[in-house]
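Enquirer: Here is a sequence together with a model predicted from it:
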Amino acid sequence: MIKQKEVRILAIESSCDETAAAVVVDGRDVRSNIISSQIALHTIYGGVVPEIASRKHIEKINQVILEALKAAEMTLDDIDAIAVTYGPGLVGALLVGVAEAKAISYAKKIPLIGVHHIEGHICANYIESQELEPPFLCLVVSGGHTHLVKVQDYLTYEILGRTMDDAAGEAFDKVARAIGLGYPGGPKIEKVSKNGNSNAIPFPRAHVAGDAYNFSFSGMKSAVLNYLNGCQMKGMEIVQEDVAASFQQAVIDVLVGNAQRALEWTGIKKFAIAGGVASNTTLREAMEELCTRYGIAFYHPSPILCTDNAAMIGAAAYYDYLAERFAGLDLNAIPNLKLGER
Ligand code: KG4
Ligand code: ZN
């Protein structure tokens, strides 16, 4: 039986380079949201080193959970369920969170809930916009994923489009590296773009032939690399700000184009964005403008809820809790877990 009192979920996220824990009540009330970022550590290597990420998660996870409970003024005795990201992500990193959650679940006899990382990103919107309810369309743009998703109800997701190669965030990271900005690329490209001309270089707006909703970013990344090589061979000056701004605009145009088609063709009147790239101000403004033009309600999480965090995992887990979709102690990390699969 589902409890009638408030539901307090302790959520854990360790799928990539953030060790995070949060306490979320009734899916939308975030009592604590602790994030220990490893970005500084991985910056030295120009990207996330999986082995280092796993080791750091092991070092930090207990501390982060204790902090989350303390900030929420709770102990494990107050918690109704433990939620954890079990995929997709780096297998060694995921395993740290999954093993921790299983240990707590076993020791304290608290139900365990396995959460899909991308569902978590989408559910970050419920925290930010308390009135938001499915159905709605959501563009998930992160370092590992670019999905256009129809959220049919709290537990049903239909993928309308996805990237055929690189994720949007991955393309940002690769281009940033090529123009000497380093890791993580997205925020750095956004920053220097403010001083650049987005019309300076006409990078291609890639479309996947015969498909309205899928994305392809690898060709756009290659176009930037070719442009840089061409400049070097001709002895032309490379204006970093212009390359960044022109690339950012090309990616945004493609994201907006597919979103526009999906809104037109599905007739859905609510549109949300999610994932690390959704914290990009220029992208938000472009999506907001699109939605205003079409008379559609626009939703986006604040930047701290766009990038990886555990509050979003707690938000997603609440609906599993209500549906009594609990995991057993055989829950495993699934690095390539598909959206909608369990
Ligand atoms: O959602 P996230 O934290 O982790 C994944 O699940 O992948 O997303 C990280 C990605 C990185 O590729 C990062 O460069 C990108 O999000 N990102 C941004 C911005 N902030 C983070 N991309 C563009 N503009 C930003 N402001
Ligand atoms: Zn993520």
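Expert: On my side now, so go ahead. Ligands and ions are numbered 1, 2, ... in the order given.

Enquirer: Give me the buried positions along stretch 268-278.
Expert: For stretch 268-278, the buried set under the neighbour-count rule, 16 or more other C-beta atoms under 10 Å, comprises K270, F271, A272, I273, A274, G275, G276, V277, A278. Yep, even glycine has a C-beta here, placed from its N, CA and C like the rest.

Enquirer: what's near enough to touch the residue of the stretch 51-200 of the chain found nearest ligand 1?
Expert: Of all residues in the stretch 51-200 of the chain, the one sitting closest to ligand 1 is G186 (2.0 Å; C-beta to the nearest ligand atom). G186 makes contacts with G143, G169, F172, D173, A176, G276, V277, S279, N280, as judged by C-beta atoms under 8 Å, 6 or more residues apart in numbering.

Enquirer: does ligand 2 sit close to the one helix or strand P187 maps to?
Expert: Using DSSP states H and E, P187 sits in helix 185-193. No. Figure legend: helix 185-193 not in contact with ligand 2 (C-beta under 5 Å from the ion); closest approach 12.0 Å.

Enquirer: right, and the helix or strand after that helix?
Expert: Next helix or strand after helix 185-193 toward the C-terminus (DSSP H and E): helix 218-234.

Enquirer: Remind me what that following helix packs against, helices and strands.
Expert: Secondary-structure packing of helix 218-234 (3 or more C-beta pairs under 8 Å, 6 or more residues apart in numbering; DSSP states H and E): helix 168-178, helix 240-266.

Enquirer: contacting residues around that helix?
Expert: Contact with helix 218-234 is made by 165-166, 171, 174-175, 178-179, 201, 203-206, 236-238, 243, 247, 250-251, 254, as judged by C-beta under 8 Å, 6+ apart.

Enquirer: returning to that earlier point: tell me the buried residues in the helix holding P187?
Expert: G185, G186, P187, K188, I189, E190, V192, S193.

Enquirer: need these in JSON lines with pLDDT, can you?
Expert: Listed next are the buried residues of helix 185-193 as JSON lines, based on pLDDT from 0 to 100:
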{"residue": "G185", "pLDDT": "93"}
{"residue": "G186", "pLDDT": "95"}
{"residue": "P187", "pLDDT": "96"}
{"residue": "K188", "pLDDT": "96"}
{"residue": "I189", "pLDDT": "98"}
{"residue": "E190", "pLDDT": "98"}
{"residue": "V192", "pLDDT": "97"}
{"residue": "S193", "pLDDT": "98"}
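
Enquirer: Which residue does the stretch 201-342 of the chain have closest to ligand 2?
Expert: In the stretch 201-342 of the chain, the residue that lies nearest ligand 2 is D308 (4.4 Å; C-beta to the ion).

Enquirer: Touching, that residue and E18? I think so.
Expert: Yes. Using C-beta atoms under 8 Å, D308 is in contact with E18, at 4.2 Å.

Enquirer: shared neighbours, these two?
Expert: By C-beta under 8 Å, 6+ apart, D308 and E18 have these common neighbours: I35.

Enquirer: related to what we said a few turns ago, next, the residue of the stretch 201-342 of the chain closest to ligand 2: secondary structure please.
Expert: When classified by DSSP: H, G, I helix; E, B strand; the rest coil, D308 comes out as coil.

Enquirer: and what of L337?
Expert: coil.

Enquirer: Identify the spatial nearest neighbour of it, chain neighbours not counted.
Expert: With sequence-adjacent residues excluded and distances taken as C-beta to C-beta, 6 or more residues apart in numbering, L337 is closest to G87, at 3.0 Å.

Enquirer: Run a quick check on that neighbour versus L331, I expect a contact.
Expert: No. The criterion here is C-beta under 8 Å, and G87 misses it with L331 at 10.2 Å.
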